[in-house]
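Participant: Structural data only, the sequence is not supplied:
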């Protein structure tokens with residue numbers, strides 16, 4: 001297993017918004033809260049992101065997906081392989097489970 005370090009915001013059982021570098025590319029795994037159903041979805045939408053500008057690391061991630069270069073697809077939350085803490089990294093193999101748009 002090759003684990004990739006993550007940055008995340010929002011945590012409910014697992015991180016719900018994740019930034020992860022894979023090689024030279026930056027990806028966002030986004031699973032926003034669904035107000036209508038009063039729960040988180042069972043999938044992440046995966047986006048290719050531009051490299052972030054050096055700004056305040058505590059800046060809001062609200063609507064961060066709007067900055068995406070493109071939408072790559074979806075992956076079930078249950079298909080993402082996290083480290084044992086679920087807060088530090090994901091297994092690179094998780095990328096193989098992405099279902100293209």
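Facilitator: Thanks, I have it. Predicted model, so just to flag it, every value in this text is computed and none were measured.
Participant: next SSE after the helix or strand of the chain with the lowest mean pLDDT?
Facilitator: Averaged element by element with mean pLDDT, DSSP states H and E, the chain has its least confident helix or strand at strand 33-34 (a mean of 90). Sequence-wise, the next helix or strand downstream of strand 33-34 (DSSP states H and E) is strand 39-40.
Participant: quick one on the thing from earlier: okay, now the sheet partners of the least confident helix or strand of the chain, with direction.
Facilitator: strand 39-40 (antiparallel) (DSSP bridges).
Participant: Which residue comes closest to residue 27 once chain neighbours are left out?
Facilitator: residue 20 (5.3 Å; C-beta to C-beta, 6 or more residues apart in numbering). C-betas here are computed from N, CA, C, even on glycine.
Participant: okay, now the one you found: neighbour count?
Facilitator: Residue 20: 23 surrounding residues under other C-beta atoms under 10 Å.
Participant: got a list of what the residue positioned nearest the centre of the chain touches?
Facilitator: In the chain, the centroid-proximal residue (C-alpha atoms, centre = their mean) is residue 29; its distance is 2.0 Å. Neighbour list for residue 29: 15, 17-18, 20, 44-46, 75, 80 [criterion: C-beta atoms under 8 Å, 6 or more residues apart in numbering].
Participant: Am I right that it is in a helix?
Facilitator: No. Under DSSP: H, G, I helix; E, B strand; the rest coil, residue 29 sits outside any helix and is assigned strand.
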